[in-house]
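> Sequence and predicted model, in that order:
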Amino acid sequence: MTEGIPITLSLTMKSDQLNTFFPLLQKGVTVPVQVGCSLKSLLCDQFGIPADYVTERITTIFFDNRPVDDLDHAIVQNGSRITLSAAMPGLVGATMRRGGFYAAFRKGISHGMDSDSTARYSGTVRVKLFNLLLAELGPLVLAQGVILGRDELGDLPESLFTSANDVPPGTDRVFLTATFRE
């Protein structure tokens, strides 16, 4: 298959199967989004994460491999990398915590302000989730849909796919959505 439109695969699974996706979500998944918006807009408007959850629960955010404090001024570009974590223990966790007391220690490596005005267009971002956020945000990310390459498909158990026809041989990419029920 070419690098064009991937095959679409939709899964409905029991909620206790979510942990099957944890290694993939920690490694990072490619998510189609509208880029050219603020990181806060991406998280709240496109992923549907409540603003108070972003403020209070997602305490550590890396944006393009740099810690970020101001989500309104970090502009998402095609290919941006976003890592989300709840509170991490220890001095490193305290230093990387968004807006934390020790945030000044990482001033030289923190993400700066981007331009506010940018055109919005379709693109992708790479999203990684860690610790408590795997179970809490994993379903939102997977419901949004992720683009998986052949190597990433190999990381998932074959038992997820109900028949050999779900992923035809020679498929390079799959657009996978997963919803979870009790």
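Nice, thanks for sending it over.

> contacts and neighbour counts: CA atoms only from here.
Noted.

> ok, how many other residues are close to L18?
For L18, the neighbour count with other CA atoms under 10 Å is 18.

> so it sits in a helix?
Yes - under DSSP: H, G, I helix; E, B strand; the rest coil, L18 sits within a helix.

> which residues touch the most centrally placed residue in the chain?
For the chain, the residue sitting closest to the mean C-alpha position, by CA atoms, centre = their mean, is V127 at 2.5 Å. For V127, the contact set (CA atoms under 8 Å, 6 or more residues apart in numbering) comprises L25, G28, V29, T30, V31, R81, I82, T83, L84.

> Who's the closest spatial neighbour of the second one, skipping the chain neighbours?
So that's G28. In space, and not counting its chain neighbours, G28 is closest to K128: 4.3 Å by CA to CA, 6 or more residues apart in numbering.

> if we can go back for a sec, in helices only, show me the contacts of V127.
Applying DSSP state H to these, the entries found in helices are L25.

> Output the contacts of V127 in JSON lines, with pLDDT appended to each entry.
What follows is those, written out as JSON lines (pLDDT from 0 to 100):
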{"residue": "L25", "pLDDT": "96"}
{"residue": "G28", "pLDDT": "96"}
{"residue": "V29", "pLDDT": "97"}
{"residue": "T30", "pLDDT": "97"}
{"residue": "V31", "pLDDT": "97"}
{"residue": "R81", "pLDDT": "96"}
{"residue": "I82", "pLDDT": "96"}
{"residue": "T83", "pLDDT": "94"}
{"residue": "L84", "pLDDT": "94"}
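
> Identify the bridge partners of the residue nearest to G28.
On the basis of DSSP bridges, K128 is bridged to T83.

> So which other helices or strands are in contact with the host helix or strand of L140?
Element membership for L140, per DSSP states H and E: helix 133-144. In terms of contacts (3 or more CA pairs under 8 Å, 6 or more residues apart in numbering; DSSP states H and E), helix 133-144 is packed against helix 22-27, strand 173-181.

> Recalculate using a threshold of 7 Å.
Counting contacts by 3 or more CA pairs under 7 Å, 6 or more residues apart in numbering; DSSP states H and E, helix 133-144 packs against strand 173-181.

> Can you list the buried residues in the strand it packs on?
R173, V174, F175, L176, T177, A178, T179, F180 (16 or more other CA atoms under 10 Å).

> related to what we said a few turns ago, hmm, who's touching the helix holding L140?
By CA atoms under 7 Å, 6 or more residues apart in numbering, the surrounding residues in contact with helix 133-144 are F22, F47, S85, A86, T177, A178, T179, F180.

> And for stretch 9-28, what's in contact with it?
With CA under 7 Å, 6+ apart, stretch 9-28 has contacts from 126-130, 134, 166, 174-182.

> what about this structure, any weak spots by pLDDT?
Scanning the chain for pLDDT under 70 picks out 1-5, 87-118, 161-170.

> for it, what spans make up the strands?
With strands called from DSSP state E, the chain shows them at 7-14, 29-35, 60-63, 66-67, 81-85, 121-129, 146-149, 173-181.
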